[in-house]
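In: Please find the sequence and the predicted model below.
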Amino acid sequence: MTRQITVLAGNGKVIRGIKAFIDPGSSRSFIKKELASKLAIDLKEAPEITINAQGMFNHATSFASKSVQLKLGLRKNWRQKLEFKEFRFCTAEKITGKIATAKLTDREIHLLRKRPKYEKINIPTENYEAEILIGMDHFWELVTNIEHLPRGICLVETLLGPIVCGKINIKNANAINCYGNENVLTYGLFENLTDQQKFYGLEGIGINDSPTENEDESAQNLFDKTITKNGNSYCVRLPRRPNAPPLPTNKNLCLSRLNSTLRKLKSIEDPPDLLEMYDKTFTDQLNEKIIEEIPEAEHETENLCHFIPNQAVYRQDKKKLRIVFDCSAHIKGYPSLNDTLYRGPVLLPKVAAVLLRWRQANIVIACDIKAAFLMLELHKEDRDLTRFLWLRDLNKPPTQANIKIMRFRRVLFGAVSSPFLLGATVIHHLRNSAIAKKYPSIAKEVEDSIYMDNILLTANSEEEGKNKIKIIREIFLDANMELREFLANNENVLSELEETAKIAPHKKFLGISWNNGEDKIKFSFPKANAVDWTMRKILRVLNSIFDPLGLLYPASLKARIFFQSLWELKLKWDTPLPEEKQLEWTAIATEWEDAAIELPRSLCINQNHSSQIHIFCDASLACYATAIYLQTTSEKESKINLVFARSRLAPIYSKITIPKLELLGIVIGVRAGNFIKKEIGLEEAKPYFGPTAK
């Protein structure tokens, strides 16, 4: 539903004709950043937040936003004077694509105008983009009544004014059309929306079984058509958007960033040789044919060329330097390289799914692919899109004579499509290589449990483990990929490996600390030792708790409820908390000092056992949650373990009753239970629902 609305600007002026899109499928409300500036809303002082959005057909995206307040003009009927009420919105660069118009019949318009509220209805014909999106967080505050009329038309009464919507027969499609005073919503909601039935179906609210994304399909099709194998190495193309805007060279931008990087490298005192380390990295990559210097005769070419700036990321704790290429860098008004590429479908399994299978097995083996991205050759026609600048002589300034132009021969880490290219190549190899086809069950196990470049194998015996290691090394060697850093909870499984292929004990597996000798996993809480606590510092601490299985939710609940309460104070992100809140947070953080939870990795007793899933759900005014236990039973013993948990805080701006929260707890319990059953191979098992607490 859309309509034009009236708002109160930050300078006190009443602004009419703002185009709003009312979308109950969105959990948040948004305002275009451009409009917020025009309305004199102070964006500099507004709190910063990160939005993790789920868009059309499960298309996920993340972007920085500002949380702002905007007063909307409201009235119960057209005779009343407008009253302005404040609502919270998040800023976004863009909300919708062009919204096209559809036509009501003359008779339909005549019938509408016979009603007092609709006698002056104005039905526009031009297309436009919405400037404000009103989501579910404010939807029911504004909608007062819905009246159903013949032929599927609905009259929706809102405090913004009446809106007419419903399904109307027009050409082209089964379109959804909505009219109100000076408003229209038709079948062109978003630029890439091709099937409005999907939009108004379950997919629109995130409930789907196998979502299809047009862009992801395009990326996959491009990959399938262009991947080739040269010897043992795979060669791939960058999945470029066919209608992307022209890509600039970016050379001047890269030159500016090069000077900035050089100043930074020279200013760092520890280590003093960081510039030399940076240069050595490029020299090593040059020798390994990961990058190449472009001959002077090829500096000017008819091929499309693009330069990418690079910068240093140095970890003091690990004494490790990483060179990062900024493929999102761009000059004003022009796209970046990432803007012109398809991201590609996410081919990674869920971290929680891999960890669940990891905890299910008696013998587990972990390893990773050495320099995985750099094992993929980049097609010659795409290499000039990855140019960059570096010095010939570190002791001389970055003049034209002292700058050499380089480019990548391999897929670079930093391009938005790189994770997809790696994942798609590995899957392609596991499904199509002659060696992998000889061992289909092992190839399928690897495909289901590989996360980026981390591989998990399971075994029921030492001999089975040794055999699987031998086979997967052979499979990946056929793709010119070296497996390294092997680790297992049974050292005998690794006895036939050379020492250089192993890694020291106590490694992290997918972010979880694992003592493979004792076969235990450990969860540690972050150290919270700041002095003047702010919302930003507290959020940083909370986000540092890595807990994909939800096993730490009970211990972190008090902290999350405390952080939620800070929003009611309307503090800025970097404003120190009031003294009483400082003390309250310090008390919470003190409970975490040196706290750690250690659990057995394995959930099983032995190979001959039966399993049952027990699901518990509950809620309070503060949150709703579910906890799932796995019971394994053999002839001699029975073991019960917490395997998965999820919780959500109750919203603070709209009060929900305990019964509704308990129903929400059951919803996440059912979803989590289905997830567990699928991932640990118990699809046919009947879960047991435990009683809620009284």
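Out: Cool, the structure landed. Numbers count the residues shown, from 1 in each chain.
In: Counting neighbours, what do you get for the residue lying closest to Gly17 once chain neighbours are set aside?
Out: Nearest non-adjacent residue to Gly17, counting by CB to CB, 6 or more residues apart in numbering: Gln4, 5.0 Å away. C-beta coordinates here come from the backbone N, C-alpha and C atoms, glycine included. Counted by other CB atoms under 10 Å, the residues lying close to Gln4 total 20.
In: same deal with the one 4 residues further on?
Out: Around Leu8 sit 18 other residues, with neighbours defined as other CB under 10 Å.
In: in the stretch 351-500 of the chain, which ranges drop under the pLDDT threshold?
Out: In the predicted model of the stretch 351-500 of the chain, no residue satisfies pLDDT under 70.
In: before we move on, what about the chain?
Out: 49-62, 78-79, 98-127, 147-154, 166-213, 317-318, 530, 605-608, 691-694.
In: quick revisit: where does the residue nearest to Gly17 sit, in terms of helix or strand?
Out: Per DSSP states H and E, Gln4 falls inside strand 2-8.
In: what's the following helix or strand after that strand?
Out: Following strand 2-8 toward the C-terminus (DSSP H and E): strand 14-22.
In: Show me what that following strand is packed against.
Out: strand 2-8, strand 132-134 (3 or more CB pairs under 8 Å, 6 or more residues apart in numbering; DSSP states H and E).
In: The next helix or strand after that strand pairs with which strands?
Out: Downstream of strand 14-22, the next assigned helix or strand under DSSP H and E is strand 30-32. Here strand 30-32 is paired, per DSSP bridges, with strand 83-92 (parallel), strand 132-134 (antiparallel).
In: Just the buried positions in the helix or strand just after strand 30-32, please.
Out: Next helix or strand after strand 30-32 toward the C-terminus (DSSP H and E): helix 33-38. Residues Lys33, Leu35, Ala36 are the ones in helix 33-38 that count as buried (16 or more other CB atoms under 10 Å).
In: about what we covered before: possible to save the strands paired with strand 30-32 as CSV with mean neighbour count and distance to Ile538?
Out: Listed next are the strands paired with strand 30-32 as CSV, based on neighbours: other CB atoms under 10 Å; distance: least, CB to CB, whole Å:
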stretch, mean neighbour count, distance to Ile538
strand 83-92, 17, 20
strand 132-134, 25, 29
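In: how about those strands in CSV, adding distance to Glu463?
Out: Putting the strands paired with strand 30-32 into CSV (distance: least, CB to CB, whole Å) gives the following:
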stretch, distance to Glu463
strand 83-92, 57
strand 132-134, 60
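In: Please name whichever of those strands is nearest to Ala501.
Out: strand 83-92 (48.1 Å; CB to CB).
In: thinking again about what came up before, what's opposite the residue nearest to Gly17 in the beta bridge?
Out: If you apply DSSP bridges, the partners that Gln4 bridges to are Lys19.
In: is it true that it touches Ile22?
Out: No. Gln4 is not in contact with Ile22 according to CB atoms under 8 Å; the separation is 11.7 Å.
In: From the contact counts, what lies against the lengthiest helix in the chain?
Out: Identified as the longest helix of the chain according to DSSP state H is helix 658-679. Where contact means 3+ CB pairs under 8 Å, 6+ apart, helix 658-679 is packed against helix 351-360, strand 610-619, strand 623-633, strand 638-649.
In: Any chance of TSV for those, columns distance to Thr399?
Out: Converted to TSV, those look like this (distance: least, CB to CB, whole Å):
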stretch	distance to Thr399
helix 351-360	48
strand 610-619	67
strand 623-633	61
strand 638-649	57
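In: Any chance of those in JSON lines with distance to Gly333 and mean neighbour count as columns?
Out: As requested, the helices and strands packed on helix 658-679 are arranged in JSON lines below (distance: least, CB to CB, whole Å; neighbours: other CB atoms under 10 Å):
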{"stretch": "helix 351-360", "distance to Gly333": "38", "mean neighbour count": "20"}
{"stretch": "strand 610-619", "distance to Gly333": "50", "mean neighbour count": "19"}
{"stretch": "strand 623-633", "distance to Gly333": "46", "mean neighbour count": "21"}
{"stretch": "strand 638-649", "distance to Gly333": "41", "mean neighbour count": "18"}
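In: Show me the one of the ones you listed that comes nearest Pro345.
Out: Closest among these, using CB to CB: helix 351-360, at 16.6 Å.
In: Mind listing residues that contact the top strand by length along the chain?
Out: As assigned by DSSP state E, the longest strand anywhere in the chain is strand 60-74. Residues outside strand 60-74 that contact it (CB atoms under 8 Å, 6 or more residues apart in numbering): 5-8, 14, 31, 33, 36, 39, 41, 43, 46-55, 82-93, 132, 142, 159-160, 346.
In: can you give me the offset of it from its chain's centre?
Out: On the basis of CA atoms, centre = their mean, to the nearest Å, strand 60-74 sits 19 Å off its chain's mean C-alpha point.
In: next one: stretch 335-342
Out: On CA atoms, centre = their mean, the centre of stretch 335-342 falls 18 Å from that of its chain.
In: Buried residues, that stretch. List them.
Out: Within stretch 335-342, judged by 16+ other CB under 10 Å, the buried ones are Pro335, Ser336, Leu337, Asn338, Thr340, Leu341, Tyr342.
In: ends of it, how far apart?
Out: 13 Å (CA to CA, to the nearest Å).
In: what comes into contact with it?
Out: Contacts for stretch 335-342 (CB under 8 Å, 6+ apart): 215-216, 218-219, 222, 238-241, 244-247, 306, 308, 327-330, 385-386, 415-417, 420.
In: nearest spatial neighbour of Pro554, skipping sequence neighbours?
Out: Using CB to CB, 6+ apart, the nearest residue to Pro554 is Ala645, at 7.9 Å.
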